[in-house]
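1. Structure for this input, please:
(2 chains)
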Amino acid sequence: MAALFVWLEGTRLAITVRDSLTLTGALSAVHLVGFTLTTGGALVANLNLLGVLFPGRPPIEVTRPASRGIALGLTISALTGFLLFAPRATVASVNGIFQTKMLLLVAAVLFHTVVHQRVARVATSSSMRRGTAAVGLLLWTSLALAGCAYILLE
Amino acid sequence: MPQQNVMTLYQMFEWLEATSLGVLVRESAWGFPILVAFHLMGIMLSVGTLVWFDLRLLGVSMTGVRASLMYRRLMPWMFTGFAIMFISGFMLLAGFATNAYGNVYFRVKIIAMVLAAVNAFLYHRFTERRIVQWDDAPGPPTAARMAGLVSISVWMTVILAGRMMSYTMF
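-> Residues are numbered from 1 along each chain as shown, chains lettered A, B, ... in the order given. A predicted model of the protein is given here:
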C-alpha cells in the first residue's frame, strides 16, 4: 500500500495539484460544497427519523431524496478528496485524524445504507427509529468534526 | 474646514483588528482553529438545511411536503447554523480584518452574502405573501423557483469564496 501511495504522489496529476495553490484551494472549496450537501442531507434524513421534522409522513419520503443528496455530495467530495489526497498520500495515509475521518466516513455511509434506509422503509417502533437517528446523527457529526480537525490540525 | 471624523472602511478594519477580541483571536493558540471549526459546522448546519428548502422551491425535491411547513420545520436549524456561522465569522474577521480587506475572495463572499440577504428579503416580502396559492403545488411559480435558484447559487459562492480565502490570505 505504501508503494502505491509513493507512486500516486509521483503522478502528473498529483504534481499538478501540489504545484498550484489556487487549484488546491479550488479543490478544497468544492470538497466543502460536496460535504455541505452530504451533511445537510444526513441531517434532514436523521432529524426526520427522530420525529422532529415531518412526523406525520412515512420517513422514507424524506430519507429517499435526502439519500440522493448525500450520494451527490459524497461523489463531489470523493472526487475532489482524491485529488487533494494524491499529492500528500504518504503523509495523509499515516495521519491519525485522516484515518479517523475515513473510518467515520465508511461507518456513516454503511450505517445510512444498511440500517437507516431499512428502518425508514419498513414500519418499526418509534424507539427503533429514534435510536437509529441518534446513531446516524452521532456518526455524521463526528465525521464533520473529524473533517474540520483534519483541515486545521494537519 | 470642518474636521472629518468619518472612518474609512479600512480604518474600521484596523480598529477592529486592534480590539482585544481581534488580538485574542490572532494570538491565542487554539482560538483560530476552534473558531474555524465552529464556522464550518455553522455553514454545514445552515446551508446544508437551507438547500433542501431551496430544492423544494425549485420543485425538484420533497414536492409532497407543503413549502410553508418545510420552511417552518427547517427554520430553527437554519437560523441556529447562521447564528453560529455569523458570530464565528465576525470573530475570525476581527483577528485578520486588514488581511481580509484586500482579499478578492473576501469581497466576493461579502457581495454574495448581501445578494443572499436581498434574495431572502424579496422572497419573504413578495413571493411568500401569495404562498396559499402554491403551497401544495409540486411546481411553485417562477418567482419562487428563481428565489431557490439564486439562494443555492449565492450560498455555494459564499462557501467557495470563503474556502479560497484560507489559501490566499495568509
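
2. In three-state terms, label B:Val60 for me.
-> Assigned by DSSP: H, G, I helix; E, B strand; the rest coil, the conformation of B:Val60 is coil.

3. number of nearby residues for it?
-> Using other CB atoms under 10 Å in any protein chain shown, B:Val60 has 14 neighbouring residues. (Glycine included, C-beta is placed from N, CA and C.)

4. swap in A:Ser125?
-> 9.

5. hang on, isn't A:Phe35 packed against A:Gly147?
-> Yes - A:Phe35 is within contact range of A:Gly147, at 6.3 Å (criterion: CB atoms under 8 Å).

6. Residue of chain A nearest chain B, please.
-> Chain B sits closest to A:Gly40 of chain A, with a gap of 2.5 Å, by CB to the nearest CB.

7. which non-adjacent residue is nearest that residue?
-> In space, and not counting its chain neighbours, A:Gly40 is closest to B:Gly48: 2.5 Å by CB to CB, 6 or more residues apart in numbering or on different chains.

8. what's near enough to touch that neighbour?
-> A:Thr36, A:Leu37, A:Thr39, A:Gly40, A:Gly41, A:Leu43, B:Gly81 (CB atoms under 8 Å, 6 or more residues apart in numbering or on different chains).

9. I figured the residue of chain A closest to chain B hits B:Val51, correct?
-> Yes - applying CB under 8 Å, one finds A:Gly40 in contact with B:Val51, separated by 5.3 Å.

10. Now for those two: what residues contact both?
-> A:Gly69.

11. In which helix or strand does the residue nearest to the spatial centre of chain A reside?
-> Using CA atoms, centre = their mean, the residue of chain A that lies closest to the mean C-alpha position is A:Leu105, 5.0 Å off. Using DSSP states H and E, A:Leu105 maps to helix A:96-110.

12. do that helix and chain B meet?
-> No - using CB under 8 Å from any CB of the partner chain, helix A:96-110 stays clear of chain B, with a minimum separation of 12.0 Å.

13. And the most centrally placed residue in chain B, what's its pLDDT?
-> Nearest to the geometric centre of chain B sits B:Met113, at 5.0 Å (CA atoms, centre = their mean). According to the prediction, B:Met113 has pLDDT 98.

14. Just the element for the residue lying closest to it once chain neighbours are set aside, please.
-> Once flanking residues are discounted, B:Met113 sits nearest to B:Val158: 5.8 Å by CB to CB, 6+ apart. Take DSSP H and E as the rule and B:Val158 turns out to sit in helix B:142-168.

15. What mean pLDDT does that helix get?
-> In this model, helix B:142-168 has an average pLDDT of 97.

16. One more: stretch B:124-135?
-> Mean per-residue pLDDT for stretch B:124-135: 96.

17. ok, residues contacting that stretch?
-> Outside stretch B:124-135, the residues that reach it (CB under 8 Å, 6+ apart) are B:Arg66, B:Ala67, B:Ser68, B:Pro140, B:Pro141, B:Ala143, B:Ala144, B:Ala147.

18. ok so, going back, what's the local residue count around the residue nearest to B:Met113?
-> So B:Val158, with other CB under 10 Å, has 22 neighbours.

19. How much space separates it from B:Asp136?
-> Between B:Val158 and B:Asp136 the distance is 31 Å, computed by CB to CB, to the nearest Å.

20. Tell me where the longest helix sits in chain A.
-> helix A:21-50 (DSSP state H).

21. need the next SSE after that one, C-terminal direction.
-> Where DSSP H and E defines the elements, the next helix or strand beyond helix A:21-50 is helix A:60-85.

22. Can I get the next helix or strand after that next one in PDB? Just the C-alpha atoms.
-> Using DSSP H and E, the next helix or strand after helix A:60-85 towards the C-terminus is helix A:89-93. In PDB, the C-alpha atoms belonging to helix A:89-93 read as follows (Å, rounded to 0.1, in the frame of the first residue of the first chain):
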ATOM      1  CA  ALA A  89      -0.800  10.400   0.000                       C
ATOM      2  CA  THR A  90       2.200   9.100   2.100                       C
ATOM      3  CA  VAL A  91       1.800  11.700   4.900                       C
ATOM      4  CA  ALA A  92      -2.000  11.700   4.900                       C
ATOM      5  CA  SER A  93      -2.400   7.900   5.000                       C
END
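
23. For helix A:89-93, which residues meet the burial criterion?
-> Within helix A:89-93, the residues scored as buried using 16 or more other CB atoms under 10 Å in any protein chain shown are A:Ala89, A:Ala92, A:Ser93.

24. Widest-spaced pair of the contacts of stretch B:124-135?
-> B:Arg66 and B:Ala143 (17.4 Å; CB to CB).

25. does the one residue in chain B that gets nearest to chain A count as helix, strand or coil?
-> Residue nearest to chain A within chain B (CB to the nearest CB): B:Gly48, separated by 2.5 Å. Taking three-state DSSP as the rule, one finds B:Gly48 in the helix state.
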